[in-house]
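Trainee: just need the structure, nothing else, for what follows:
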Amino acid sequence: MDESQEYPITGVVVVADPAKCPPGYSIIDKTFDRREEADLWREGLFGRRVTRFLCVERSSPQLGKDVLVDVVIIQEKDPVPAGFTVVDCTNDTREKAVKRKLLCIRWMSCALTNDAISEIIFLSKGAKRPPNLYSLVGELSNLVLCYRMTPIKAPQSTTSKMANLNINLPYSMNPTQESIQQQGTYARQGRPDQPERSMSSLLLLSVTPLSEVPWQINPKISAMNNLRNFKIPEIRCKTMLDIEREYDYAFNVEKETKKAS
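Mentor: This is a model prediction of the structure:
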């Protein structure tokens, strides 16, 4: 298989005229199993012939370029799943892309995923099982859509960029102990082409808007140190009998008052 076939899909469009497939895209005009026409707008034998074909673009992972990670097919009246976009118009004529259903696709930054869709195929009507390594999505215009996920190579990261930058630097990005000692000796000797700065100039350079603000611990926090000697009183657990004895009240005064009245 061509190495470019393993690249993630970075573009998906539908065209009405197969000759209008965009540059850099590959048209899917045949079914995977029977090599029949993969027309997404199959109609009867009478009337004007209307065709729709899916085209995909593949490219190597690049920072800032999204890759295809999921495809779903829903009914026209169903809500579009969160995070998905609809391929609703043809790229060449701006007409309706597919009929009675919606083709929804989801993109993701290649820096956020380890796998992406590298190939989309169509099977003939009635196919129930996808080929090995493929996932079945659903039926679209009497064709069964499937896709294959492929691990993607990590795009050029900041680390590799820093490695390239290291070549043009006058010093090492990962210095050895010997080079550190040499730099320390050089710093102590001072550069001959620059006079030493006076202490006053160094102080002026270090002045910031917060230089005159006094820094001290909040008194509330300081007062918490006094709590270290605080002794928590012992709380004795009481039984129900202890509580009844301690808080027993016979209401004798109230009873005598009621009798006297």
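Trainee: could you use CA atoms for every contact and neighbour count after this?
Mentor: Noted.
Trainee: count of neighbours near Ile217?
Mentor: For Ile217, the neighbour count with other CA atoms under 10 Å is 7.
Trainee: can you check Val15 too?
Mentor: When neighbours are defined as other CA under 10 Å, Val15 has 25 of them.
Trainee: for the stretch 101-250 of the chain, give me the ranges with low pLDDT.
Mentor: For the stretch 101-250 of the chain, the stretches with pLDDT under 70 are 155-212, 220-230.
Trainee: which stretches of it form helices?
Mentor: Shown for the stretch 101-250 of the chain, the helices assigned by DSSP state H, counting those that start in this stretch span residues 158-167, 177-189, 199-205, 219-223, 240-246.
Trainee: output the last one in PDB with nothing but the alpha carbons.
Mentor: Right, the one you point to is helix 240-246. Presented in PDB, the C-alpha positions along helix 240-246 are these (Å, rounded to 0.1, in the frame of the first residue of the first chain):
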ATOM      1  CA  MET A 240     -29.200   8.200  78.500                       C
ATOM      2  CA  LEU A 241     -29.500   7.500  82.200                       C
ATOM      3  CA  ASP A 242     -26.900  10.200  83.000                       C
ATOM      4  CA  ILE A 243     -28.900  12.700  80.900                       C
ATOM      5  CA  GLU A 244     -32.200  11.800  82.500                       C
ATOM      6  CA  ARG A 245     -30.700  12.200  86.000                       C
ATOM      7  CA  GLU A 246     -29.000  15.500  85.200                       C
END
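Trainee: okay, buried residues for that helix please.
Mentor: For helix 240-246, a neighbour-count test (16 or more other CA atoms under 10 Å) marks nothing as buried.
Trainee: helix or strand right after that helix?
Mentor: helix 252-260 (DSSP states H and E).
Trainee: can I get that next one in PDB? Just the C-alpha atoms.
Mentor: Output in PDB follows, covering the C-alpha atoms of helix 252-260 (Å, rounded to 0.1, in the frame of the first residue of the first chain):
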ATOM      1  CA  ASN A 252     -43.800  20.400  91.300                       C
ATOM      2  CA  VAL A 253     -44.000  24.200  91.400                       C
ATOM      3  CA  GLU A 254     -46.200  24.300  88.400                       C
ATOM      4  CA  LYS A 255     -48.400  21.600  89.800                       C
ATOM      5  CA  GLU A 256     -48.900  23.400  93.100                       C
ATOM      6  CA  THR A 257     -49.500  26.700  91.400                       C
ATOM      7  CA  LYS A 258     -52.200  25.000  89.300                       C
ATOM      8  CA  LYS A 259     -53.900  23.500  92.400                       C
ATOM      9  CA  ALA A 260     -53.900  26.900  94.200                       C
END
